[in-house]
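# Give me a 3D structure for the following:
(chains A, B, C, D and E)
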Amino acid sequence: MNPALSLRKFVLGTGLVVLLLLPILATVAGDPYLITLFSRILIYALAAVSLDLIIGYGGMVSLGHAAFVGIGAYVVGILAFHMQDGSALASWPFELQSSNAVLVVWPAAILISASMAALIGAVSLRTRGMQFIMITLAFAQMLFYLAVSLEVYGGDDGISLWSRNELPLIDLGDDRAFYYICLICLLIFLYLSDRLVFSRFGRVVRGAKVNELRMQSLGFPTYRYKLVCFSIAGAGAGLAGVLMANQSEFVSPSLLHWTHSGELIVMVLLGGMGTLIGPVLGAAAMLLMEEVLSAYTEHWMVFLGPFLIFVVLFAKRGIYGWLSGTGVESE
Amino acid sequence: MSELLLETVNLEKRFGAVQASKNLSLRIASGEVHALIGPNGAGKTTVIKQLAGEIRPDSGAIRFDGREITYLPADVRARLGIARSFQITSVFQPLTVEENVSLAVQAHKGHSFRFWRPAAQEPQLVLPARWALERVGLEGRSRVPAAHLSHGERRQLEVGMALAGNPKLLLLDEPMAGMGPGGTVKMTELIMGLKRSLTIVLVEHDMKAVFQLADRITVLVYGEPIATGTPEQIRINPDVRRAYLGDEQA
Amino acid sequence: MLLFLEQLLNGLQLGVMLFLMSAGLTLVFGIMRVINLAHGSLYMVGAYVAATVFLHSGSFILGLLAAITAAGLVGMLVELLVLRRLYGRDHLDQVLATFGLILFFNELTVIIWGRQPLFMDVPDLLSGTIEVIPGAPYPSYRLAIILAGILVAAFLYLLFNHTRLGMQIRAGASNREMIAALGVNIKLLNTLVFGLGALLAGLAGAMAGPILAVESGMGESILILTFVVIVIGGIGSIRGALIAALMVGMVETLGGFMLPALLRLFLPAATADGAGASLASMSVYMLMAVVLVLRPHGLFPVHD
Amino acid sequence: MRGFIVTAALAALCSISGNIVASAPVKIGMVTTLSTKAGYLGEDIRDGFRLAMDLEGGMLGGVPVELLVDDDGRDPGKGKQIAERFMQRDGVKIMTGIVFSNVAMAVVPKVVRDGVIYISPNAGPSALAGKGCHENYFNVAWQNDNLHEAVGQYATDSGFQNIYLLAPNYPAGKDALQGFKRYYKGNVAGEVYTKLGQSDYAGELAALRAAKPDAVFFFLPGGMGINFIKQYAQAGLNKEIPLMGPAFSFDQRLLKAVGDAAVGVVNGSQWNHDLENDANLLFVEAFEKTYGRMPTLYASQGYDAARLIGSALKQVGGDLSDMSAFRAALRKADFASVRGAFKFGSNQHPVQDIYVREVVRTEAGDITNETRKKVFANHRDAYAAECAM
Amino acid sequence: MLTLQGVEAFYGSSQVLFGVDLQLEAGSVTTLLGRNGMGKTSVVRAIMGILPVHAGVIRFAGREIQLMPSYSIARLGIGMVPEGRQIFPNLTLRENLLAAAANYSGSSEPYDLDHVLTIFPKLGDRLSHFGNQLSGGEQQMLAVARALMINPRVLILDEATEGLAPLIRAEIWRGLNILKQKGQTILVIDKNLDVLLRIADHHHIIENGRVVWSGSSARLAADDALQERYLGV
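You can find the predicted model right below:
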């Protein structure tokens, strides 16, 4: 067998087992914080995987991905705000009551994130390269300032949720249950992404990354496909935002800040872009490194910075590429 | 000559101070191999690009298969049946040979907003791809990533991709460029095999191949056609000899 | 009207500052095709060194000289150690590596200088105000910044258009291989160009010292605006950077001043002030989005 | 081989956990801002708090304590995460340290519901003082509006009639101007909200000059304030129009960065280093000796937070098993605050005196604050009535 | 003066030069002939240090230059007129000439602006035009003049007449003749065999990355079979 493939299976297998058993391990170890920490890792991983879809497969380097995470979170936050407040979400053109049900809130948040991504993507995809990086940043900054100025919803202070969203039979307030929900969301998104990458659609997007002109001369209207891919990534980020809002029970504009977009890119690259699993590893590595390093020194960034440079210069394919020895093709 | 497939009427294109196409009128019949020759910088690739829809002419018109296509984008033209190969090989290096070709097939099998089924397992993509690979003689290499192909094989693949969509018109931009003599012979045979089943516009420097393959030849100098005719007519045309074929006095 | 003129002057001053930053960045991008997020760190280095030398010597000029020297040297060092290896690499790699540089420099300044912002004052000579517009006294230091910006623009114009070095740099930007084949050491030239860009960032930082808080992380806020400028101007074009810098400077200044006033015409004052302030903070980004939609390569595209 | 590394990494990962050591000291979790531009605020709170511990030889109220500090990077999500780690891994029952209101809003409601006592050494958002008050939440600094209110009262007392107001466009900024206007009775010459994090105020200054106010009140915390004051002086405005604001832009460390430009500015504060009481004399001297710099009000608040905790620990003998007893002990505020008289109101926010200070240059050449006048005595915040406690 | 021995080179993973041997004598005009894609331009790029040399030796002026960076090779005195001219589009004609001007051969009568304009007088009218505003012929003359401005010991011309109208070609050939009279050492790559047979002294034919034939003009002119085999159209 191909060694890269068997390693891929090994990483996937071991990782999955550890993730499945984590709440039990944490309980045995007497450290429930691990559950919180790993929920957070799973959520960031979800956001990073969604970013990998557009960066690693579509070649669209977005420096505004945190905006979609923020939108997803804000939908949760705003609905929760109106629930607490007892006020209607909208009174015109028709009375619209707020909700706290997962089955209502989450799909709505995902849908809204995806639509915003479609809107922003429709404009941004007219450019490419450096200009694309900057225009996505510009839109994210606009949304950031919009969130800051949402006085009703706390402006810069954000919105505090009084509880997590509600799901029949399962209590999301329980950290273990919530952890498994995060895990399920990540696994589903990974599986869908994996299907997507190898489907007809995925092929078109990957082709457009390599040579867009050639794709057009083969007969593909690439713009549409890239836009849909961008929206799907937006939906994934929105879901991550939903989970983030639920986990921290808090939403604020800082979620949309450009440094968060930068962090997501770092996770994707660190883990290995265009691999789907890589970004999961990247997210875990980043957050764990932060957790461990910051325990030793408050100046941990002075080590993280050169580490990132080192990764770029000497470990181009990221953690996943390094694990699989020779590195993998961007397949 | 049989019926007209492609016609350009007075195409003009300028890039800054450079006139890339001037007064360019071509009439290409169905089933014909029409070669465009001329010195470097004569605007041959510019013609291909205008036909494929990558750049728009400043004025003039292009008609294909009874339809005005002057301002249609490249992808629409491709679906109408215009395929092209590139001067500098531009296959999708990370993909395998078969994936490259089946991607080309895919463009002609309806929309690609299909997210679920692995494309590699769709017979309606894979089978035509294998057929196209056979036509260009690459059937033995279908699992190899395109990046690992030799230069000549990539050019074959390039043609295979152009063929995969079953086009009516094939635009070949220097298919022999950078090939050794063996490769040139192979490519010439390959194109010879395609003759009659579809219409080909061929841009090529290798005169031996051009005179062997072409039904008619148009000679471009400074973007302007100075002669069109059969290979024999072109060979003896004094203007052509002076301008291009290299029979001059210093 | 008086106020409007004064605001124009303010816009001009901010524009000049942005120009100093973006000239270096656009040069580096235009010639080496490398995105350098750490450009803001060089600005910060300039400010810190200027403030430190100023605190110890009391001389503004000395601080300024030390700042540009230090920023130039740090810039060249960074080019030699890190960026040189990134030429020709994917923009993504460049973003990640230079993001790493930002983290490093920010934390390094905290380690060296502590968390407390440093103090730097305007030189006595420029501490007063001048009534350029009668009735509106304007800080002479800001006028000096405008002057410095004009001098730098003129210097760059002369350097690029009327010296052999400038010709070689421009030639290298369009075709590195060819200029090397004519006997020009393009690698060295790149390092020098990078040093020049860093020096300009250091100059901007040093000049900002007396106006702004000299603190760790001060580079990022201006960095983003700088990127906005070079993208609007067309990456690689100094002329574009100049014009876009002035545009952004004006929009940023006039937006904050005029938008609330404009909204007050049809909204209650409190709402208008809040909404106006929000719109003003977004205005620069809107400008960029509009420019890119209309001209995807910016106002003065250099390379396709 | 690589498989081995993966396994090893996972093993190492697991070892991050499981370091709960049953130990005697009472753990106190400090979530604060140490990085970013505002890092020095958290640094001073932490150093003030540590000073109180050091003076007792690592104890508070005679009970051994262990202080866990982590940096929230001014990011609410991060703050929340640290708080959870403190609670879940370290079993922390007492928390403190948060600098910024937005971080506090993310962290506090959740931790107090989970039974942790939170003692705020700095942020005092109105939501937590009013409707959102909680028996586990104590504020040892001020409610956000307090210092602005004091300046408002001072402006009224001093007979200013036409004041220009300036604050960043975010909730704390709006609250600040609200708080000021609550006690200021004159005319508002202009009310301007600037961009959060803005560094250049040339535009605002020009508009301000044109409005011809007889004074300016501004709230621009951190670096924004430094920029504003410097630019205000450079525009020559400091000689024409008096400037006033809350203490936040005039702490000892900022003054070092602002220099002469701040001299003459009047600002409201609940504390100053020259307040004459024994606790303060001890604190200021010890702080300068330990850290080699003058304390700021943030340091004083950190110090008071520690002393408050110490007073309560002493009463319960270091036993946190009965939280209601501990709460009751805290409520008594039985400690000598560096600001003199100190007690809690019904919403567990301070009832205290508030002063105005003036920035002066001392004979030694230092720039510092001098207390000018007591504006409020036993001042309560405006939200206490909304609190159901 | 310039010798290549067993030079091998790769583009990525595909080999383009398989052991090229070539000699250039001082004061001579030498050609490198062969069909498209046979490796002529690769030889030029290898000499100039643009294409890395994997094996073999290139000697110039008594030094091994195959590992030197491009600019050092140029400074030793090799001037290149590249295929496709590669004029700097964003520089004026004058700037194109002056940007890198130098006297690397240490000539006592170096080429300067005035001097090269006497060889290509047509350029004199266009001094302030930008490179991208020049016609193909003007660009080509400029490319030759630009290479002369560094006063090379050896001048290499790669397809200097391709795509030009006959009159303009004649202009280029005329310029080359002048240089030859002055004793300039020249390596030419071109397709116009007739002209080359008259101007050049010595010829090399390259096929598939190897030099397969070397000899004088007389020998090449006499051998129709050779011409047909390697150069025929």
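# Which helix or strand contains the residue nearest the centre of chain A?
Geometric centre of chain A, nearest residue: A:Ala47, 0.7 Å, by CA atoms, centre = their mean. Per DSSP states H and E: A:Ala47 is located in helix A:33-52.
# could you say what helices and strands that helix packs with?
helix A:3-29, helix A:66-85, helix A:175-198, helix A:222-248, helix A:258-271, helix A:277-296, helix D:76-88 (3 or more CB pairs under 8 Å, 6 or more residues apart in numbering or on different chains; DSSP states H and E). Yep, even glycine has a C-beta here, placed from its N, CA and C like the rest.
# and after the last one, which helix or strand comes next?
Moving toward the C-terminus from helix D:76-88, the next helix or strand (DSSP H and E) is strand D:94-96.
# So which residues make contact with that following strand?
For strand D:94-96, contacts defined as CB atoms under 8 Å, 6 or more residues apart in numbering or on different chains pick out D:26-31, D:49, D:83, D:86, D:107, D:111, D:116-121, D:305, D:309, D:320.
# List buried residues within the residues you listed.
Neighbour-count burial (16 or more other CB atoms under 10 Å in any protein chain shown) is assigned, among those, to D:26-31, D:49, D:83, D:86, D:107, D:111, D:116-121, D:305, D:309, D:320.
# Give me the angle between the helix holding A:Ala47 and helix A:258-271.
90 degrees (axes from the mean of the first three to the mean of the last three CA atoms, to 10 degrees).
# List the contacts of E:Asn103.
Listed by CB under 8 Å, 6+ apart, the contact set of E:Asn103 reads E:Pro110, E:Ile150, E:Asn151.
# Export those as JSON lines, with columns for distance to D:His148 and neighbour count.
JSON lines is the format used below for the contacts of E:Asn103 (distance: CB to CB, whole Å; neighbours: other CB atoms under 10 Å in any protein chain shown):
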{"residue": "E:Pro110", "distance to D:His148": "77", "neighbour count": "16"}
{"residue": "E:Ile150", "distance to D:His148": "72", "neighbour count": "25"}
{"residue": "E:Asn151", "distance to D:His148": "77", "neighbour count": "22"}
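# quick one: which of those residues is nearest to chain A?
Of all the contacts of E:Asn103, E:Ile150 has the smallest distance to chain A: 34.4 Å, by CB to the nearest CB.
# Could you measure from D:Pro221 over to chain E?
D:Pro221 sits 48 Å away from chain E, going by CB to the nearest CB, to the nearest Å.
# so that residue is in which element?
According to DSSP H and E, D:Pro221 maps onto no helix or strand at all.
# Disregarding residues adjacent in the polypeptide, which is nearest to it?
D:Phe248 (4.7 Å; CB to CB, 6 or more residues apart in numbering or on different chains).
# Under the pLDDT cut-off, which ranges of chain E? List them.
Within chain E, the stretches with pLDDT under 70 are E:163, E:232-233.
# chain center to the lengthiest helix in it: distance?
Ranked by residue count and defined by DSSP state H, the top helix of chain E is helix E:166-181. With CA atoms, centre = their mean, to the nearest Å as the basis, helix E:166-181 stands 14 Å off its chain's centre.
# Could you pull out the helices in the stretch 1-150 of chain C for me?
Secondary structure of the stretch 1-150 of chain C (DSSP state H, counting those that start in this stretch): helices located at C:2-32, C:39-57, C:60-81, C:91-113, C:140-162.
# Chain D: which of the ones you listed is closest?
Of all those, it is helix C:2-32 that lies closest to chain D, at 3.9 Å by CB to the nearest CB.
# In contact with E:Ile47, which residues?
E:Leu2, E:Leu4, E:Ile58, E:Ile65, E:Ile73, E:Ile78, E:Ile156.
# ends of stretch A:81-91, how far apart?
16 Å (CA to CA, to the nearest Å).
# could you check the distance from the residue nearest to D:Pro221 over to D:Leu147?
Counting by CB to CB, to the nearest Å, the gap from D:Phe248 to D:Leu147 is 7 Å.
# These two: who's more crowded?
Between D:Phe248 and D:Leu147, counting by other CB atoms under 10 Å in any protein chain shown, D:Leu147 is the more crowded of the two (28 against 24).
# And whichever residue of the stretch 151-300 of chain C sits closest to chain B, what's its pLDDT?
Residue nearest to chain B within the stretch 151-300 of chain C (CB to the nearest CB): C:Ser174, separated by 14.5 Å. As predicted, C:Ser174 sits at a pLDDT of 86.
# which other residues reach the helix or strand of chain B with the lowest mean pLDDT?
Of all helical and strand segments in chain B, the minimum by mean pLDDT, DSSP states H and E falls on helix B:238-240, at a mean of 80. If you take CB under 8 Å, 6+ apart as the criterion, helix B:238-240 is touched by B:Val219, B:Ile226, B:Ala227, B:Ile234.
# And the residues you listed, which is closest to E:Ser135?
Taking CB to CB as the measure, E:Ser135 sits nearest to B:Ile226 out of the contacts of helix B:238-240, at 17.9 Å.
# and that closest one, what does it touch?
Listed by CB under 8 Å, 6+ apart, the contact set of B:Ile226 reads B:Val219, B:Leu220, B:Asp239, B:Val240, B:Ala243.
# Following the chain onward from the host helix or strand of it, which element is next?
According to DSSP H and E, B:Ile226 maps onto strand B:224-229. Using DSSP H and E, the next helix or strand after strand B:224-229 towards the C-terminus is helix B:231-236.
# I'd like to know which elements that following helix is packed against.
Right, helix B:231-236 is packed against helix B:207-213, strand B:216-221 by 3+ CB pairs under 8 Å, 6+ apart.
# I'd like to know which elements the shortest one is packed against.
With contacts defined as 3+ CB pairs under 8 Å, 6+ apart, the packing partners of strand B:216-221 are strand B:33-37, strand B:224-229, helix B:231-236.
# let's see 10 Å
With contacts taken as 3 or more CB pairs under 10 Å, 6 or more residues apart in numbering or on different chains; DSSP states H and E, strand B:216-221 sits against strand B:18-29, strand B:33-37, helix B:44-52, strand B:199-203, helix B:207-213, strand B:224-229, helix B:231-236, helix B:238-240.
# Now do that strand and strand B:224-229, the angle between them.
Here the directions of strand B:216-221 and strand B:224-229 differ by 160 degrees (the same axes, to 10 degrees).
# Can you give me the neighbour number for residue 66?
If you meant another chain, say so; for now it's chain A. A:Ala66: 30 neighbours (other CB under 10 Å).
# right idea, wrong chain: chain D
15.
# Same question for B:Arg143.
9.
# Return the per-residue confidence for it.
91.
# next one: C:Ala261
pLDDT at C:Ala261 comes out at 80.
# Go through the longest helix of chain E and flag the buried ones.
Using 16+ other CB under 10 Å as the test for burial, helix E:166-181 gives E:Ile168, E:Arg169, E:Ala170, E:Glu171, E:Ile172, E:Trp173, E:Gly175, E:Leu176, E:Leu179, E:Lys180.
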